[in-house]
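K.L.:
please work out how this folds:
(2 chains)
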Amino acid sequence: MLKKGLILAILIGFSLMFIPLIQNFHGNDKLSDLAKYYTENAEHGAGAANIVTAIVITYRGLDTLGEVVILFLTASVIGFFLKISKSEKDETLRFSKLRKTSELLETATKALVPTIFMFGVYIFINGHLTPGGGFQGGAVIATGFVLMLLANPQFKVNHKVIEYIESLSGFSFAILGALGAIIGLGFLDNKILPLGTFGELLSAGIIPVIYSFIGLKVGAELSGIVETLSENQSEIEI
Amino acid sequence: MSYFSLEYIAMITGFLLIVLGIWAILTYKNLLKIVIGFSLFDTGINIIIVSIAYVKNSTAPIIDSAVSLKDAVNKIADPVPQALVLTSIVIGLGVTALMLAYVLKLYQDKKTLDIESFTDLKW
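P.N.:
Numbering: from 1, shown residues only, chains lettered A, B, ... in the order given. Below is the predicted model of the structure:
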């Protein structure tokens, strides 16, 4: 009873804290000065039609590098934490217990997975023109992978391949940033490639290249996480 | 001042989600439901940050046929908090994945998801 009272008190306290916040919020009528600067320099500064992308990759590029590192750490900690130790025999025993997947799911997977992968690649290549980008495209690619795993639980992805894709794209991201410091004006400078015509696919300097690497990296990492979690789940069921 | 404009609706939804998340974290005994509570908490905070960035009657900060380069300043929402939310969503995903891995490990240890049975750190 006391516990329930305490929980209720915490919830009411939080709600009371939010009420003045809502009352003092009046909405914005115009952009802040910083946002105005980014918008006015959209064409000649970063050259990306999607201003959020310009901020994420160019102006705040270092933050994104840190973000990618955090995602990498998550994937490697999960891989290290959930180490699997099982023999071939357990493996066959488990799969004999599972219900067979329906033909509908298997056929649909064959038809859909290439389309989903292509859609993910489309999202991260067009990150500087449309709402989208590396993280979103990578997440879409990982969903295709989850579908493959649902249709065929025995499906095994080569961990080496995932590792190589992940490390190579992360490495290229850092190298491109360093190239900016050597050739261009500073770390992650996007003008080391020509800016091109504003609003075209091949524009915005280095942004589409970096976003493609981020997309590949995020896709590989999320697929690796899903794969590790599902392998461990199988260990529980035995 | 009306509470029924877009930014207020988004902001109040965000606050409701935060309270709902705290309630789920505090009351449920199942570890997976607690993880869902954390996830709701995360989502609520992200919605609030985006709602603060909203400029009245504005559109997404992408320059295309709908928003020309010249009057973009008067037409778009603030892009800076949106970029921050992108980072925050990715970090939230990492935190959720780590929590789920930890839940899996705890389950392998005790074969239960009930938080009451993990008393090793209780004093």
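K.L.:
now do the same contact list for the spatially most central residue of chain A.
P.N.:
Using CA atoms, centre = their mean, the residue of chain A that lies closest to the mean C-alpha position is residue A:135, 2.9 Å off. By CB atoms under 8 Å, 6 or more residues apart in numbering or on different chains, the contact set of residue A:135 is A:214, A:215, A:218, B:86, B:89, B:90. For the C-beta atoms, the positions are set from N, CA and C on the backbone; glycine is no exception.
K.L.:
return the distance of the host helix or strand of it from the chain's centre.
P.N.:
Here residue A:135, judged by DSSP states H and E, is contained in helix A:134-151. Relative to its chain's centre, helix A:134-151 lies at 10 Å (CA atoms, centre = their mean, to the nearest Å).
K.L.:
distance check, the nearest residue to residue B:96 once chain neighbours are set aside against chain A.
P.N.:
Computed as CB to CB, 6 or more residues apart in numbering or on different chains, the closest residue to residue B:96 that is not its neighbour in sequence is residue B:39, at 5.6 Å. Applying CB to the nearest CB, to the nearest Å, the value for residue B:39 to chain A is 15 Å.
K.L.:
quick check: phi and psi on residue B:39?
P.N.:
Dihedral angles phi and psi of residue B:39 (degrees, to the nearest 10) take the values phi -60, psi -40.
K.L.:
ok, residue B:94 to chain A distance?
P.N.:
4 Å.
K.L.:
surely that residue is in contact with residue A:72?
P.N.:
No - using CB atoms under 8 Å, residue B:94 makes no contact with residue A:72, being 9.5 Å away.
K.L.:
between those two, who's got more neighbours?
P.N.:
Higher neighbour count among residue B:94 and residue A:72: residue B:94, with 20 against 17, using other CB atoms under 10 Å in any protein chain shown.
K.L.:
where does that one fall, secondary structure wise?
P.N.:
Residue B:94 belongs to helix B:79-110, assigned by DSSP H and E.
K.L.:
which strands and helices sit next to that helix?
P.N.:
Counting contacts by 3 or more CB pairs under 8 Å, 6 or more residues apart in numbering or on different chains; DSSP states H and E, helix B:79-110 packs against helix A:33-40, helix A:51-53, helix A:61-81, helix A:134-151, helix A:207-237, helix B:31-53.
K.L.:
so, low pLDDT: which residues of chain B?
P.N.:
For chain B, residues meeting the criterion pLDDT under 70 lie at B:1-3, B:123.
K.L.:
without its sequence neighbours, what residue ends up closest to the residue nearest the centre of it?
P.N.:
In chain B, the centroid-proximal residue (CA atoms, centre = their mean) is residue B:43; its distance is 1.4 Å. Leaving aside its chain neighbours, residue B:43 sits nearest to residue B:17 (5.7 Å; criterion: CB to CB, 6+ apart).
K.L.:
quick check: that neighbour vs chain A, distance?
P.N.:
11 Å.
K.L.:
so how far is the host helix or strand of that residue from its chain's centroid?
P.N.:
In the assignment (DSSP H and E), residue B:17 maps to helix B:6-27. Centre-to-centre, helix B:6-27 and its host chain are 9 Å apart (CA atoms, centre = their mean).
K.L.:
can you get me a residue count around residue 111?
P.N.:
If you meant another chain, say so; for now it's chain A. Neighbour count of residue A:111, defined by other CB under 10 Å: 8.
K.L.:
not what I meant, chain B
P.N.:
Residue B:111: 9 surrounding residues under other CB under 10 Å.
K.L.:
how close does it get to residue B:100?
P.N.:
17 Å (CB to CB, to the nearest Å).
K.L.:
cool, residue A:49 as well?
P.N.:
Counting by CB to CB, the gap from residue A:49 to residue B:100 is 37 Å.
K.L.:
comparing those two, which residue is more hemmed in?
P.N.:
Neighbour count, other CB under 10 Å: between residue A:49 and residue B:100, residue A:49 has more, with 25 against 16.
K.L.:
and the pLDDT for the more buried one?
P.N.:
On pLDDT, residue A:49 comes in at 78.
K.L.:
still on that earlier bit, touching, the residue nearest to residue B:96 and residue B:93? I think so.
P.N.:
No - checked against CB under 8 Å, the pair residue B:39 and residue B:93 is beyond contact range at 9.3 Å.
K.L.:
shared neighbours, the two?
P.N.:
By CB under 8 Å, 6+ apart, no residue touches both residue B:39 and residue B:93.
K.L.:
where does chain A dip in pLDDT?
P.N.:
The low-confidence ranges in chain A, as defined by pLDDT under 70, are A:84-98, A:199, A:233-238.
K.L.:
buried residues, stretch A:32-45. List them.
P.N.:
A:35, A:38, A:39, A:42, A:43, A:45 (16 or more other CB atoms under 10 Å in any protein chain shown).
K.L.:
hmm, the third one is touching residue B:71, no?
P.N.:
The one in question is residue A:39. No - with contacts counted by CB under 8 Å, residue A:39 stays clear of residue B:71, the gap being 10.2 Å.
K.L.:
about what we covered before: give me the contacts around the next helix or strand after the helix holding residue A:135.
P.N.:
For helix A:134-151, the following helix or strand on the C-terminal side (DSSP H and E) is helix A:159-182. Helix A:159-182 is touched from outside by A:61, A:65, A:68, A:72, A:75, A:186-190, A:192, A:206, A:209-210, A:213-214, A:216-217, A:220-221, A:223-224, A:227, with contacts defined as CB under 8 Å, 6+ apart.
K.L.:
same question for stretch A:4-19.
P.N.:
Residues from elsewhere that reach stretch A:4-19, judged by CB under 8 Å, 6+ apart: B:15, B:18, B:19, B:22, B:23, B:26, B:27.
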